[in-house]
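1. sequence first, then the predicted structure:
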Amino acid sequence: MRTERIVLHFPKHLADKPVIVNLVRKFDLDFNILKATITPDEEGVMVLEITGEEENFQKGIQYLKELEVKIQPLSQDVIWDETRCTHCGYCVSYCPTKALQRDEKTYMVSFDPQKCTTCGICVEICPYKAMEIRLVI
Ligand code: SF4
Ligand code: SF4
């Protein structure tokens, strides 16, 4: 079983076609729409989480490509909201990559996005909701 988050760009002529429904009907894939927008030039952009057997997944992707739907992988960024952070340091011992660290002298916490693997642990545990996952398209 494979689960993937992808971004789909639909050309204008596919706007009224049941493309996503066909992923379920034809290829037995489950999907979850995370975001859907229409750009000013009427291209549809959809962020999808697709789950299914590997073979069906590949067939579904091929189906989308044949329809000229552009497919992009989705990545995530972790954002540190310094205005919410109280520098309590709770996250520091949990961060597996030392992206969150505490200065030994000032006791201030800092975040290095270059070291962050977006594991999401800090997002779960921060009591002040200072860490947030954002989807990057
Ligand atoms: S747990 Fe949250 S509030 Fe505490 S230091 Fe980490 S990010 Fe800041
Ligand atoms: S998402 Fe994971 S790696 Fe990134 S800062 Fe949080 S705990 Fe560290």
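-> Everything's here; your move. In this text the structure is predicted, and so the values were computed from the model without any measurement. Ligands and ions are numbered 1, 2, ... in the order given.

2. tell me the residues of the protein that contact ligand 2?
-> By Cβ under 6 Å from any ligand atom, the residues of the chain that approach ligand 2 are 78, 94-97, 99-100, 116-122, 131. For glycine as for every other residue, the C-beta is placed from the backbone atoms N, C-alpha and C.

3. buried residues in stretch 107-114?
-> Neighbour-count burial for stretch 107-114, counted by 16 or more other Cβ atoms under 10 Å, picks out Val109, Phe111.

4. start to end distance for that stretch?
-> 21 Å (Cα to Cα, to the nearest Å).

5. ditto for stretch 80-93
-> End to end - Cα to Cα - stretch 80-93 spans 16 Å.

6. can you confirm Phe57 is in a helix?
-> Yes: membership of Phe57 in a helix is supported by DSSP: H, G, I helix; E, B strand; the rest coil.

7. what about it, neighbour count?
-> By other Cβ atoms under 10 Å, 20 other residues sit near Phe57.

8. what residues are up against His9?
-> Residues in contact with His9 (Cβ atoms under 8 Å, 6 or more residues apart in numbering) are Glu43, Gly44, Val45, Val69, Lys70, Ile71, Gln72.

9. quick check: the gap between it and Asp16.
-> Distance of His9 to Asp16, given as Cβ to Cβ, to the nearest Å: 16 Å.
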